[in-house]
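Participant: Show me how the following folds:
(one chain, ligands or ions: 1)
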Amino acid sequence: MNTNRREFLKGTAWMGFTAAMAGSASAVAATKLCGAGAMTTYADKPIKKVRVGVAGLGMRGPGAVHRLAAIPGVEVAALCDLFQERVDAQQNFLAQNGKPAARSYVGPEAYKAMCESDLDLVYIVTPWAMHTPIALYAMEHGKHAAIEVPAAMTLEQCWALVETSERTGRHCMQLENCCYGEVEMFTLNIARQGRLGELVHGEGAYIHDLRELNYLDPAKGGYQDYWRLRWNTEHFGNPYPTHGLLPIMQAMGVNRGDCFDYLTCVSTNQIGMDAYAKIKFGEDSWQAKLHPKCGDMSTTVMHTVKGRTIMVQHDVTSARPYSRINLLSGTMGCLNDYPFRIALAEKPGDGAHGWLDQQKAGEVFAQYRHPLWKVAGELAKKMGGHGGMDFLMDLRLCYCLQNGLPLDMDVYDLAASCAVCELSERSALNRGNSVDVPDFTRGGWKTAKPLGIETVDLDKLGLTDVKADDAQLNV
Ligand SMILES: NC(=O)c1ccc[n+]([C@@H]2O[C@H](COP(=O)([O-])OP(=O)(O)OC[C@H]3O[C@@H](n4cnc5c(N)ncnc54)[C@H](O)[C@@H]3O)[C@@H](O)[C@H]2O)c1
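Facilitator: From the prediction side, this is the model:
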(Lines give C-alpha, C1' and ligand atoms only; values in the text may rest on other atoms or scores of the structure.)
Protein backbone atom coordinates (compact mmCIF):
# COMPACT_ATOMS: atom_id res chain seq x y z
CA MET A 1 0.00 0.00 0.00
CA ASN A 2 1.30 3.42 -0.91
CA THR A 3 0.96 5.84 1.99
CA ASN A 4 2.88 8.72 0.49
CA ARG A 5 0.71 11.64 -0.47
CA ARG A 6 3.02 13.01 -3.16
CA GLU A 7 3.32 9.65 -4.91
CA PHE A 8 -0.43 9.57 -5.20
CA LEU A 9 -0.75 13.03 -6.55
CA LYS A 10 1.94 12.53 -9.19
CA GLY A 11 -0.50 10.61 -11.31
CA THR A 12 -3.32 13.11 -11.16
CA ALA A 13 -2.33 15.78 -13.68
CA TRP A 14 -4.46 14.03 -16.28
CA MET A 15 -7.57 14.85 -14.28
CA GLY A 16 -7.54 18.52 -15.30
CA PHE A 17 -8.75 20.40 -12.25
CA THR A 18 -11.41 23.03 -12.78
CA ALA A 19 -10.94 26.57 -11.60
CA ALA A 20 -13.42 25.92 -8.83
CA MET A 21 -11.16 23.23 -7.41
CA ALA A 22 -8.01 25.30 -7.51
CA GLY A 23 -8.77 26.73 -4.07
CA SER A 24 -7.52 23.53 -2.50
CA ALA A 25 -3.90 23.98 -3.58
CA SER A 26 -3.12 27.05 -1.50
CA ALA A 27 -4.55 25.40 1.60
CA VAL A 28 -2.28 22.40 1.08
CA ALA A 29 0.84 24.53 0.69
CA ALA A 30 0.43 25.96 4.18
CA THR A 31 -0.09 22.60 5.82
CA LYS A 32 1.61 21.53 9.03
CA LEU A 33 0.29 18.14 10.02
CA CYS A 34 -0.94 17.63 13.56
CA GLY A 35 -0.35 13.90 13.44
CA ALA A 36 -1.64 10.73 11.88
CA GLY A 37 -5.27 10.05 12.52
CA ALA A 38 -5.51 13.03 14.89
CA MET A 39 -9.12 13.84 13.99
CA THR A 40 -10.59 10.36 14.64
CA THR A 41 -11.27 11.00 18.31
CA TYR A 42 -11.09 14.78 18.06
CA ALA A 43 -13.64 16.58 20.19
CA ASP A 44 -13.95 20.36 20.25
CA LYS A 45 -15.25 22.30 23.22
CA PRO A 46 -19.05 22.03 23.64
CA ILE A 47 -21.03 24.62 21.68
CA LYS A 48 -24.15 25.58 23.60
CA LYS A 49 -25.95 27.15 20.67
CA VAL A 50 -24.79 25.84 17.29
CA ARG A 51 -25.04 28.63 14.68
CA VAL A 52 -25.18 27.14 11.22
CA GLY A 53 -24.76 28.68 7.78
CA VAL A 54 -26.25 26.65 4.93
CA ALA A 55 -24.77 27.03 1.42
CA GLY A 56 -26.83 25.66 -1.47
CA LEU A 57 -30.62 25.87 -1.38
CA GLY A 58 -31.67 23.86 -4.44
CA MET A 59 -33.46 20.52 -4.23
CA ARG A 60 -31.62 19.22 -1.17
CA GLY A 61 -30.72 22.35 0.81
CA PRO A 62 -34.19 23.47 2.02
CA GLY A 63 -34.78 20.12 3.72
CA ALA A 64 -31.52 20.62 5.62
CA VAL A 65 -32.57 24.11 6.73
CA HIS A 66 -35.86 22.71 8.03
CA ARG A 67 -34.23 19.79 9.87
CA LEU A 68 -31.57 21.96 11.48
CA ALA A 69 -34.16 24.55 12.52
CA ALA A 70 -36.13 21.80 14.30
CA ILE A 71 -33.24 20.84 16.59
CA PRO A 72 -33.20 22.68 19.95
CA GLY A 73 -30.03 24.67 20.50
CA VAL A 74 -29.41 25.08 16.78
CA GLU A 75 -29.88 28.35 14.92
CA VAL A 76 -29.87 28.62 11.15
CA ALA A 77 -27.97 31.89 11.24
CA ALA A 78 -26.99 32.29 7.57
CA LEU A 79 -28.35 31.26 4.19
CA CYS A 80 -26.40 31.31 0.94
CA ASP A 81 -27.23 30.55 -2.69
CA LEU A 82 -26.72 31.86 -6.21
CA PHE A 83 -30.37 32.90 -6.33
CA GLN A 84 -32.01 35.53 -4.13
CA GLU A 85 -35.41 33.81 -4.36
CA ARG A 86 -34.04 30.56 -2.91
CA VAL A 87 -32.60 32.44 0.06
CA ASP A 88 -35.85 34.39 0.47
CA ALA A 89 -37.90 31.18 0.45
CA GLN A 90 -35.90 29.84 3.40
CA GLN A 91 -36.11 33.19 5.21
CA ASN A 92 -39.89 32.87 4.86
CA PHE A 93 -39.76 29.39 6.28
CA LEU A 94 -37.81 30.59 9.31
CA ALA A 95 -40.19 33.53 9.85
CA GLN A 96 -43.29 31.33 9.53
CA ASN A 97 -41.85 28.97 12.12
CA GLY A 98 -41.03 31.66 14.64
CA LYS A 99 -37.27 31.47 14.12
CA PRO A 100 -34.96 34.49 13.97
CA ALA A 101 -34.08 35.79 10.51
CA ALA A 102 -30.81 34.50 9.08
CA ARG A 103 -28.20 36.65 7.35
CA SER A 104 -28.55 36.38 3.55
CA TYR A 105 -25.65 35.79 1.16
CA VAL A 106 -26.27 35.72 -2.58
CA GLY A 107 -23.83 35.05 -5.43
CA PRO A 108 -21.08 32.62 -6.49
CA GLU A 109 -18.51 33.94 -4.00
CA ALA A 110 -20.92 35.04 -1.29
CA TYR A 111 -20.03 31.93 0.71
CA LYS A 112 -16.74 33.65 1.58
CA ALA A 113 -18.43 36.44 3.53
CA MET A 114 -20.68 33.85 5.14
CA CYS A 115 -17.68 31.76 6.24
CA GLU A 116 -16.01 34.89 7.61
CA SER A 117 -19.09 35.74 9.71
CA ASP A 118 -20.03 34.61 13.20
CA LEU A 119 -20.91 30.91 12.79
CA ASP A 120 -19.94 27.55 14.26
CA LEU A 121 -20.77 25.26 11.36
CA VAL A 122 -20.93 25.68 7.58
CA TYR A 123 -23.29 23.11 6.04
CA ILE A 124 -22.61 22.65 2.31
CA VAL A 125 -25.31 21.47 -0.10
CA THR A 126 -24.02 22.86 -3.38
CA PRO A 127 -23.06 21.02 -6.59
CA TRP A 128 -20.08 18.68 -6.20
CA ALA A 129 -17.40 21.02 -7.61
CA MET A 130 -18.03 23.61 -4.89
CA HIS A 131 -18.00 21.23 -1.90
CA THR A 132 -14.29 21.27 -1.15
CA PRO A 133 -13.58 24.95 -1.95
CA ILE A 134 -16.32 26.09 0.45
CA ALA A 135 -15.30 23.60 3.16
CA LEU A 136 -11.65 24.68 2.97
CA TYR A 137 -12.63 28.32 3.21
CA ALA A 138 -14.91 27.58 6.17
CA MET A 139 -12.21 25.71 8.10
CA GLU A 140 -9.61 28.36 7.31
CA HIS A 141 -12.02 30.82 8.93
CA GLY A 142 -12.51 28.76 12.07
CA LYS A 143 -15.76 26.99 11.22
CA HIS A 144 -16.56 23.29 11.33
CA ALA A 145 -17.60 21.96 7.93
CA ALA A 146 -20.33 19.47 7.06
CA ILE A 147 -20.41 18.56 3.38
CA GLU A 148 -22.93 16.74 1.23
CA VAL A 149 -21.85 13.64 -0.68
CA PRO A 150 -19.38 13.16 -2.24
CA ALA A 151 -17.52 15.78 -0.22
CA ALA A 152 -14.49 15.61 -2.53
CA MET A 153 -14.13 14.52 -6.15
CA THR A 154 -10.34 14.15 -6.46
CA LEU A 155 -7.43 12.88 -4.39
CA GLU A 156 -6.05 16.42 -4.23
CA GLN A 157 -9.29 17.56 -2.62
CA CYS A 158 -9.34 14.59 -0.22
CA TRP A 159 -5.84 15.42 1.01
CA ALA A 160 -6.60 19.13 1.22
CA LEU A 161 -9.60 18.44 3.47
CA VAL A 162 -7.63 16.01 5.67
CA GLU A 163 -4.70 18.34 6.08
CA THR A 164 -6.79 21.46 6.62
CA SER A 165 -9.00 19.75 9.18
CA GLU A 166 -5.95 18.52 11.09
CA ARG A 167 -4.14 21.86 10.95
CA THR A 168 -7.10 24.01 11.90
CA GLY A 169 -8.63 21.56 14.40
CA ARG A 170 -12.00 21.93 12.72
CA HIS A 171 -14.33 19.00 12.15
CA CYS A 172 -14.86 18.09 8.52
CA MET A 173 -17.70 15.64 8.21
CA GLN A 174 -19.29 14.21 5.11
CA LEU A 175 -23.08 14.25 5.37
CA GLU A 176 -23.47 10.55 4.56
CA ASN A 177 -27.08 10.15 5.58
CA CYS A 178 -27.14 6.46 4.63
CA CYS A 179 -24.99 5.68 7.69
CA TYR A 180 -28.14 6.58 9.66
CA GLY A 181 -30.57 4.41 7.65
CA GLU A 182 -32.57 1.99 9.76
CA VAL A 183 -31.13 -1.11 8.06
CA GLU A 184 -27.59 0.29 7.99
CA MET A 185 -27.70 1.11 11.71
CA PHE A 186 -29.18 -2.30 12.50
CA THR A 187 -26.31 -3.77 10.46
CA LEU A 188 -23.74 -1.79 12.43
CA ASN A 189 -25.29 -2.93 15.70
CA ILE A 190 -25.60 -6.64 14.86
CA ALA A 191 -22.05 -6.60 13.47
CA ARG A 192 -20.69 -4.95 16.63
CA GLN A 193 -22.47 -7.54 18.81
CA GLY A 194 -20.55 -10.20 16.86
CA ARG A 195 -23.68 -11.99 15.59
CA LEU A 196 -22.38 -12.05 12.00
CA GLY A 197 -19.05 -13.51 13.17
CA GLU A 198 -15.91 -12.12 11.60
CA LEU A 199 -16.80 -9.75 8.78
CA VAL A 200 -15.40 -10.77 5.41
CA HIS A 201 -17.20 -9.01 2.56
CA GLY A 202 -19.66 -6.20 1.90
CA GLU A 203 -21.56 -4.86 -1.10
CA GLY A 204 -23.08 -1.43 -1.56
CA ALA A 205 -24.38 0.63 -4.43
CA TYR A 206 -26.09 3.69 -5.75
CA ILE A 207 -28.55 2.31 -8.26
CA HIS A 208 -31.08 5.04 -8.95
CA ASP A 209 -32.60 5.89 -12.31
CA LEU A 210 -31.76 9.61 -12.60
CA ARG A 211 -32.16 9.96 -16.38
CA GLU A 212 -35.18 12.23 -16.17
CA LEU A 213 -33.63 14.41 -13.46
CA ASN A 214 -30.26 14.62 -15.19
CA TYR A 215 -31.84 16.12 -18.31
CA LEU A 216 -34.44 18.23 -16.51
CA ASP A 217 -34.17 21.92 -17.38
CA PRO A 218 -32.66 23.85 -14.43
CA ALA A 219 -35.34 26.51 -14.99
CA LYS A 220 -37.97 23.82 -14.34
CA GLY A 221 -36.41 22.46 -11.15
CA GLY A 222 -33.50 20.44 -12.55
CA TYR A 223 -29.96 20.47 -11.18
CA GLN A 224 -28.49 23.98 -11.29
CA ASP A 225 -26.73 24.43 -14.65
CA TYR A 226 -27.01 20.66 -15.31
CA TRP A 227 -24.07 20.08 -12.94
CA ARG A 228 -24.61 16.35 -12.58
CA LEU A 229 -25.02 15.75 -16.31
CA ARG A 230 -21.86 17.79 -16.90
CA TRP A 231 -19.87 15.67 -14.46
CA ASN A 232 -21.15 12.45 -16.01
CA THR A 233 -20.29 13.79 -19.45
CA GLU A 234 -16.65 14.35 -18.54
CA HIS A 235 -15.90 11.43 -16.22
CA PHE A 236 -15.79 7.64 -16.07
CA GLY A 237 -15.86 5.21 -13.15
CA ASN A 238 -17.95 5.85 -10.02
CA PRO A 239 -18.56 9.54 -9.18
CA TYR A 240 -21.01 8.80 -6.34
CA PRO A 241 -19.68 5.92 -4.22
CA THR A 242 -20.34 6.92 -0.63
CA HIS A 243 -23.99 5.94 -0.02
CA GLY A 244 -23.25 2.24 -0.38
CA LEU A 245 -19.66 2.31 0.82
CA LEU A 246 -19.48 4.34 4.03
CA PRO A 247 -21.99 2.29 6.08
CA ILE A 248 -20.03 -0.88 5.28
CA MET A 249 -16.75 0.89 6.09
CA GLN A 250 -18.17 1.76 9.51
CA ALA A 251 -19.33 -1.80 10.17
CA MET A 252 -15.97 -3.25 9.09
CA GLY A 253 -13.95 -0.60 10.91
CA VAL A 254 -12.12 0.70 7.84
CA ASN A 255 -9.78 3.47 9.09
CA ARG A 256 -10.35 2.06 12.60
CA GLY A 257 -8.62 -1.32 12.77
CA ASP A 258 -8.41 -1.92 9.03
CA CYS A 259 -7.54 0.22 6.04
CA PHE A 260 -8.14 0.23 2.29
CA ASP A 261 -5.18 -1.11 0.32
CA TYR A 262 -6.15 -1.06 -3.35
CA LEU A 263 -9.16 -1.09 -5.64
CA THR A 264 -10.09 -2.18 -9.09
CA CYS A 265 -12.96 -0.88 -11.22
CA VAL A 266 -14.55 -1.98 -14.46
CA SER A 267 -17.34 -0.16 -16.24
CA THR A 268 -19.79 -0.78 -19.05
CA ASN A 269 -19.99 1.68 -21.89
CA GLN A 270 -22.54 4.46 -21.71
CA ILE A 271 -25.62 3.22 -23.54
CA GLY A 272 -28.62 4.28 -21.47
CA MET A 273 -28.21 8.06 -21.60
CA ASP A 274 -27.87 8.22 -25.39
CA ALA A 275 -30.81 5.87 -25.91
CA TYR A 276 -32.97 7.90 -23.51
CA ALA A 277 -31.97 11.25 -25.00
CA LYS A 278 -32.75 10.14 -28.57
CA ILE A 279 -36.22 8.94 -27.58
CA LYS A 280 -37.11 11.86 -25.35
CA PHE A 281 -35.52 14.78 -27.22
CA GLY A 282 -34.97 13.53 -30.81
CA GLU A 283 -31.86 12.49 -32.74
CA ASP A 284 -30.86 16.09 -33.52
CA SER A 285 -31.20 17.42 -29.97
CA TRP A 286 -28.17 18.64 -28.01
CA GLN A 287 -28.99 15.99 -25.45
CA ALA A 288 -28.70 13.19 -28.03
CA LYS A 289 -25.42 14.61 -29.31
CA LEU A 290 -23.84 15.01 -25.87
CA HIS A 291 -22.63 11.39 -25.45
CA PRO A 292 -21.75 11.39 -21.71
CA LYS A 293 -18.64 9.37 -20.93
CA CYS A 294 -19.74 7.81 -17.67
CA GLY A 295 -20.59 4.13 -18.24
CA ASP A 296 -24.02 2.97 -17.17
CA MET A 297 -22.81 0.43 -14.60
CA SER A 298 -19.45 0.62 -12.88
CA THR A 299 -18.32 -2.02 -10.42
CA THR A 300 -15.51 -1.25 -8.00
CA VAL A 301 -13.95 -3.75 -5.64
CA MET A 302 -12.05 -2.37 -2.66
CA HIS A 303 -9.46 -4.59 -0.94
CA THR A 304 -8.37 -3.95 2.63
CA VAL A 305 -5.05 -4.50 4.35
CA LYS A 306 -6.67 -7.28 6.39
CA GLY A 307 -7.79 -9.05 3.22
CA ARG A 308 -11.48 -8.13 3.19
CA THR A 309 -13.43 -6.84 0.20
CA ILE A 310 -16.22 -4.35 -0.50
CA MET A 311 -17.94 -4.13 -3.87
CA VAL A 312 -19.49 -0.78 -4.81
CA GLN A 313 -21.64 -0.21 -7.87
CA HIS A 314 -22.95 2.93 -9.56
CA ASP A 315 -25.78 3.00 -12.08
CA VAL A 316 -28.02 6.04 -12.56
CA THR A 317 -29.05 5.36 -16.14
CA SER A 318 -30.78 1.96 -16.25
CA ALA A 319 -34.44 1.06 -15.91
CA ARG A 320 -34.29 -0.76 -12.59
CA PRO A 321 -35.54 -0.20 -9.04
CA TYR A 322 -33.58 1.84 -6.51
CA SER A 323 -31.01 -0.11 -4.48
CA ARG A 324 -28.02 0.44 -2.20
CA ILE A 325 -27.66 -3.38 -1.89
CA ASN A 326 -26.49 -3.14 1.76
CA LEU A 327 -24.90 -6.57 1.90
CA LEU A 328 -22.64 -7.61 4.73
CA SER A 329 -21.38 -11.14 5.22
CA GLY A 330 -19.31 -12.76 7.91
CA THR A 331 -18.35 -16.15 9.24
CA MET A 332 -21.72 -16.53 11.01
CA GLY A 333 -24.24 -14.79 8.84
CA CYS A 334 -25.20 -12.51 6.00
CA LEU A 335 -27.80 -9.83 5.43
CA ASN A 336 -28.87 -7.64 2.59
CA ASP A 337 -31.54 -5.19 1.61
CA TYR A 338 -34.17 -4.39 -1.05
CA PRO A 339 -36.01 -6.28 0.36
CA PHE A 340 -34.34 -6.87 3.73
CA ARG A 341 -33.35 -10.46 4.47
CA ILE A 342 -30.95 -12.16 6.83
CA ALA A 343 -29.39 -15.60 7.28
CA LEU A 344 -27.71 -16.57 10.55
CA ALA A 345 -25.78 -19.63 11.66
CA GLU A 346 -26.97 -21.06 14.98
CA LYS A 347 -23.44 -21.25 16.32
CA PRO A 348 -19.86 -20.85 15.07
CA GLY A 349 -19.04 -23.50 12.48
CA ASP A 350 -22.68 -23.98 11.42
CA GLY A 351 -23.92 -23.02 7.97
CA ALA A 352 -26.69 -20.52 7.19
CA HIS A 353 -28.10 -21.97 4.00
CA GLY A 354 -31.51 -20.28 3.99
CA TRP A 355 -32.83 -16.80 4.72
CA LEU A 356 -34.80 -16.50 7.97
CA ASP A 357 -38.55 -16.39 7.48
CA GLN A 358 -40.23 -12.99 7.76
CA GLN A 359 -41.32 -13.43 11.36
CA LYS A 360 -37.92 -14.59 12.61
CA ALA A 361 -36.17 -11.88 10.59
CA GLY A 362 -38.50 -9.31 12.18
CA GLU A 363 -37.60 -10.58 15.65
CA VAL A 364 -33.88 -10.33 14.91
CA PHE A 365 -34.43 -6.83 13.49
CA ALA A 366 -36.21 -5.76 16.69
CA GLN A 367 -33.57 -7.38 18.90
CA TYR A 368 -30.68 -5.56 17.23
CA ARG A 369 -32.45 -2.28 16.39
CA HIS A 370 -29.91 0.49 16.83
CA PRO A 371 -30.42 2.54 20.05
CA LEU A 372 -30.51 5.79 18.05
CA TRP A 373 -33.46 4.43 16.09
CA LYS A 374 -35.15 3.28 19.30
CA VAL A 375 -34.77 6.74 20.83
CA ALA A 376 -35.45 9.05 17.90
CA GLY A 377 -36.57 6.86 14.96
CA GLU A 378 -40.26 7.69 15.26
CA LEU A 379 -39.61 11.45 15.39
CA ALA A 380 -37.30 11.14 12.40
CA LYS A 381 -39.87 9.20 10.37
CA LYS A 382 -42.50 11.80 11.22
CA MET A 383 -40.38 14.61 9.83
CA GLY A 384 -39.48 12.56 6.72
CA GLY A 385 -36.33 12.68 4.63
CA HIS A 386 -35.21 9.35 3.19
CA GLY A 387 -37.25 7.46 5.76
CA GLY A 388 -35.88 9.49 8.68
CA MET A 389 -32.16 8.97 8.26
CA ASP A 390 -31.51 12.58 7.19
CA PHE A 391 -32.88 13.92 10.47
CA LEU A 392 -30.97 11.37 12.58
CA MET A 393 -27.75 12.40 10.85
CA ASP A 394 -28.30 16.09 11.64
CA LEU A 395 -29.47 15.28 15.15
CA ARG A 396 -26.30 13.30 15.95
CA LEU A 397 -24.06 15.94 14.33
CA CYS A 398 -25.61 18.77 16.38
CA TYR A 399 -25.77 16.67 19.56
CA CYS A 400 -22.04 15.88 19.28
CA LEU A 401 -21.18 19.53 18.68
CA GLN A 402 -23.33 20.66 21.60
CA ASN A 403 -21.79 18.11 23.94
CA GLY A 404 -18.21 18.29 22.77
CA LEU A 405 -18.14 14.69 21.47
CA PRO A 406 -16.19 13.23 18.55
CA LEU A 407 -18.32 13.01 15.41
CA ASP A 408 -19.45 9.63 14.04
CA MET A 409 -17.78 10.31 10.69
CA ASP A 410 -14.41 12.01 10.51
CA VAL A 411 -12.36 13.51 7.72
CA TYR A 412 -10.56 10.20 7.08
CA ASP A 413 -13.88 8.45 6.45
CA LEU A 414 -14.70 11.27 4.07
CA ALA A 415 -11.37 10.97 2.24
CA ALA A 416 -11.23 7.17 2.00
CA SER A 417 -14.76 6.97 0.59
CA CYS A 418 -14.40 9.94 -1.77
CA ALA A 419 -11.02 8.75 -3.10
CA VAL A 420 -13.05 6.19 -5.03
CA CYS A 421 -14.30 8.95 -7.38
CA GLU A 422 -10.87 9.50 -8.91
CA LEU A 423 -9.37 6.07 -8.32
CA SER A 424 -12.28 4.16 -9.87
CA GLU A 425 -11.97 6.36 -12.94
CA ARG A 426 -8.23 5.70 -13.21
CA SER A 427 -8.71 1.96 -12.83
CA ALA A 428 -11.66 1.73 -15.22
CA LEU A 429 -9.76 3.71 -17.88
CA ASN A 430 -6.91 1.22 -17.51
CA ARG A 431 -8.78 -2.05 -18.09
CA GLY A 432 -9.58 -2.50 -14.41
CA ASN A 433 -5.95 -2.61 -13.31
CA SER A 434 -5.64 -2.08 -9.59
CA VAL A 435 -4.69 1.26 -8.07
CA ASP A 436 -3.50 1.85 -4.52
CA VAL A 437 -5.81 3.68 -2.13
CA PRO A 438 -3.97 6.16 0.09
CA ASP A 439 -4.01 5.67 3.84
CA PHE A 440 -5.34 9.08 4.81
CA THR A 441 -4.86 8.25 8.52
CA ARG A 442 -1.13 7.67 7.88
CA GLY A 443 -1.08 4.65 10.17
CA GLY A 444 -3.63 6.03 12.64
CA TRP A 445 -6.04 3.21 11.66
CA LYS A 446 -3.83 0.70 13.50
CA THR A 447 -4.76 2.05 16.91
CA ALA A 448 -8.10 3.80 16.24
CA LYS A 449 -11.12 2.18 17.89
CA PRO A 450 -14.14 1.25 15.73
CA LEU A 451 -17.17 3.54 15.86
CA GLY A 452 -19.29 2.64 18.89
CA ILE A 453 -23.06 2.26 19.15
CA GLU A 454 -23.94 5.89 19.80
CA THR A 455 -27.25 7.61 20.45
CA VAL A 456 -28.66 10.92 21.75
CA ASP A 457 -30.39 11.97 24.97
CA LEU A 458 -33.63 13.63 23.84
CA ASP A 459 -34.32 15.02 27.33
CA LYS A 460 -30.94 16.70 27.41
CA LEU A 461 -31.62 18.09 23.94
CA GLY A 462 -35.09 19.21 24.96
CA LEU A 463 -36.60 17.63 21.83
CA THR A 464 -40.13 16.36 22.26
CA ASP A 465 -41.73 16.63 18.82
CA VAL A 466 -41.20 17.58 15.19
CA LYS A 467 -43.57 18.52 12.36
CA ALA A 468 -43.93 16.53 9.14
CA ASP A 469 -41.99 18.48 6.51
CA ASP A 470 -42.70 18.38 2.78
CA ALA A 471 -39.30 19.83 1.78
CA GLN A 472 -37.66 16.52 2.69
CA LEU A 473 -36.46 14.30 -0.16
CA ASN A 474 -37.62 10.73 -0.17
CA VAL A 475 -35.71 9.17 -3.05
N1 LIG B 1 -27.38 12.67 0.72
C2 LIG B 1 -28.40 12.61 -0.11
O3 LIG B 1 -29.27 11.76 0.01
C4 LIG B 1 -28.48 13.60 -1.21
C5 LIG B 1 -29.65 13.74 -1.95
C6 LIG B 1 -29.69 14.72 -2.94
C7 LIG B 1 -28.59 15.52 -3.18
N8 LIG B 1 -27.46 15.34 -2.44
C9 LIG B 1 -26.29 16.19 -2.65
O10 LIG B 1 -26.67 17.53 -2.35
C11 LIG B 1 -25.94 18.43 -3.18
C12 LIG B 1 -26.90 19.39 -3.87
O13 LIG B 1 -27.77 18.64 -4.69
P14 LIG B 1 -29.14 19.27 -5.21
O15 LIG B 1 -29.92 18.15 -5.76
O16 LIG B 1 -29.74 20.12 -4.16
O17 LIG B 1 -28.61 20.20 -6.40
P18 LIG B 1 -29.32 21.55 -6.94
O19 LIG B 1 -28.67 21.86 -8.22
O20 LIG B 1 -30.79 21.39 -6.89
O21 LIG B 1 -28.94 22.63 -5.83
C22 LIG B 1 -27.66 23.16 -5.71
C23 LIG B 1 -27.82 24.59 -5.16
O24 LIG B 1 -26.51 25.10 -4.90
C25 LIG B 1 -26.51 26.46 -5.32
N26 LIG B 1 -25.13 26.88 -5.58
C27 LIG B 1 -24.35 26.62 -6.65
N28 LIG B 1 -23.15 27.20 -6.52
C29 LIG B 1 -23.18 27.87 -5.35
C30 LIG B 1 -22.26 28.70 -4.67
N31 LIG B 1 -21.05 28.97 -5.19
N32 LIG B 1 -22.62 29.22 -3.48
C33 LIG B 1 -23.83 28.97 -2.94
N34 LIG B 1 -24.75 28.20 -3.55
C35 LIG B 1 -24.43 27.66 -4.74
C36 LIG B 1 -27.39 26.49 -6.56
O37 LIG B 1 -27.87 27.78 -6.85
C38 LIG B 1 -28.49 25.52 -6.15
O39 LIG B 1 -29.56 26.21 -5.53
C40 LIG B 1 -25.12 17.56 -4.10
O41 LIG B 1 -23.85 17.42 -3.58
C42 LIG B 1 -25.81 16.22 -4.07
O43 LIG B 1 -24.94 15.14 -4.34
C44 LIG B 1 -27.40 14.41 -1.47
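
Participant: Can you classify the nearest residue to Pro239 once chain neighbours are set aside by secondary structure?
Facilitator: Leaving aside its sequence neighbours, Pro239 sits nearest to Cys421 (CB to CB, 6 or more residues apart in numbering; 5.3 Å). Bear in mind the C-beta positions are built from the backbone N, C-alpha and C, glycine included. Under DSSP: H, G, I helix; E, B strand; the rest coil, the three-state class of Cys421 is helix.

Participant: Tell me how many other residues surround Cys421.
Facilitator: Residues lying near Cys421 (other CB atoms under 10 Å) number 25.

Participant: what's it in contact with, if anything?
Facilitator: 150, 152-154, 237-241 (CB atoms under 8 Å, 6 or more residues apart in numbering).

Participant: Which other helices and strands does the helix or strand where Thr233 lies contact?
Facilitator: Assigned by DSSP states H and E, Thr233 belongs to helix 227-234. With contacts taken as 3 or more CB pairs under 8 Å, 6 or more residues apart in numbering; DSSP states H and E, helix 227-234 sits against helix 128-140, helix 211-215.

Participant: and the ones you listed as a markdown table, adding mean neighbour count and mean pLDDT?
Facilitator: Shown next, in a markdown table, are the helices and strands packed on helix 227-234 (neighbours: other CB atoms under 10 Å; pLDDT from 0 to 100):
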| stretch | mean neighbour count | mean pLDDT |
| --- | --- | --- |
| helix 128-140 | 25 | 98 |
| helix 211-215 | 18 | 97 |
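
Participant: export those to a markdown table and tack on distance to Cys179?
Facilitator: What follows is the helices and strands packed on helix 227-234, written out as a markdown table (distance: least, CB to CB, whole Å):
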| stretch | distance to Cys179 |
| --- | --- |
| helix 128-140 | 18 |
| helix 211-215 | 24 |
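
Participant: Of those, which is nearest the ligand?
Facilitator: Closest to the ligand of the helices and strands packed on helix 227-234 is helix 128-140 (CB to the nearest ligand atom; 4.8 Å).

Participant: quick one: the closest one to helix 227-234, angle?
Facilitator: Put simply, helix 128-140 runs at 110 degrees to helix 227-234, going by axes from the mean of the first three to the mean of the last three CA atoms, to 10 degrees.

Participant: which other helices and strands contact helix 128-140?
Facilitator: helix 23-29, helix 110-116, strand 121-124, strand 144-147, helix 155-168, helix 227-234.

Participant: again, only this time at 7 Å
Facilitator: Using 3 or more CB pairs under 7 Å, 6 or more residues apart in numbering; DSSP states H and E as the contact test, the elements touching helix 128-140 are helix 23-29, helix 110-116, strand 121-124, strand 144-147, helix 155-168.

Participant: Next, count neighbours for the closest residue to Met389 other than its chain neighbours.
Facilitator: Ranked by CB to CB, 6+ apart and with sequence neighbours excluded, the top spatial neighbour of Met389 is Tyr180, at 4.1 Å. Using other CB under 10 Å, the number of residues around Tyr180 comes to 31.

Participant: Likewise for the one 10 residues further on?
Facilitator: Counted with other CB under 10 Å, the burial measure for Ile190 works out to 24 neighbours.

Participant: just how off-centre is the host helix or strand of Asp413 within its chain?
Facilitator: Element membership for Asp413, per DSSP H and E: helix 411-428. Per CA atoms, centre = their mean, to the nearest Å, the displacement of helix 411-428 from the mean C-alpha position of its chain is 12 Å.

Participant: Can it be said to contact the ligand?
Facilitator: No. On the criterion CB under 6 Å from any ligand atom, helix 411-428 is out of touch with the ligand, staying 11.4 Å away.

Participant: Okay, now the sheet partners of the helix or strand following that helix, with direction.
Facilitator: Downstream of helix 411-428, the first helix or strand assigned by DSSP H and E is strand 435-436. Strand 435-436 has the following sheet partners, assigned by DSSP bridges: strand 260-267 (antiparallel).

Participant: For whichever helix or strand comes after the helix holding Thr233, which outside residues touch it?
Facilitator: With elements assigned by DSSP H and E, the helix or strand that comes after helix 227-234 is helix 242-252. Here helix 242-252 makes contact (CB atoms under 7 Å, 6 or more residues apart in numbering) with 149-150, 174, 176, 178-179, 184, 187-188, 191, 199, 202, 204-206, 258, 308, 310, 312, 324-325, 328, 413, 416-418, 420, 451.

Participant: These in helices, which ones?
Facilitator: 184, 187-188, 191, 413, 416-418, 420 (DSSP state H).

Participant: on that earlier part again, in CSV: the contacts of Cys421, plus neighbour count, pLDDT and distance to Arg369.
Facilitator: As requested, the contacts of Cys421 are exported to CSV (neighbours: other CB atoms under 10 Å; pLDDT from 0 to 100; distance: CB to CB, whole Å):
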residue, neighbour count, pLDDT, distance to Arg369
Pro150, 27, 98, 29
Ala152, 30, 98, 33
Met153, 24, 98, 35
Thr154, 23, 98, 38
Gly237, 24, 98, 36
Asn238, 33, 98, 31
Pro239, 23, 98, 33
Tyr240, 24, 98, 28
Pro241, 30, 98, 27
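
Participant: Quickly note the distance from the closest residue to Val106 other than its chain neighbours to Gly244.
Facilitator: Spatially, and ignoring its direct neighbours in sequence, Val106 is nearest to Gln84 (5.0 Å; CB to CB, 6+ apart). Going from Gln84 to Gly244 by CB to CB, to the nearest Å gives 37 Å.

Participant: Quick check: most distant residue from the centroid of the protein.
Facilitator: Here the chain reaches farthest from its C-alpha mean at Asp284, the gap being 37.1 Å by CA atoms, centre = their mean.
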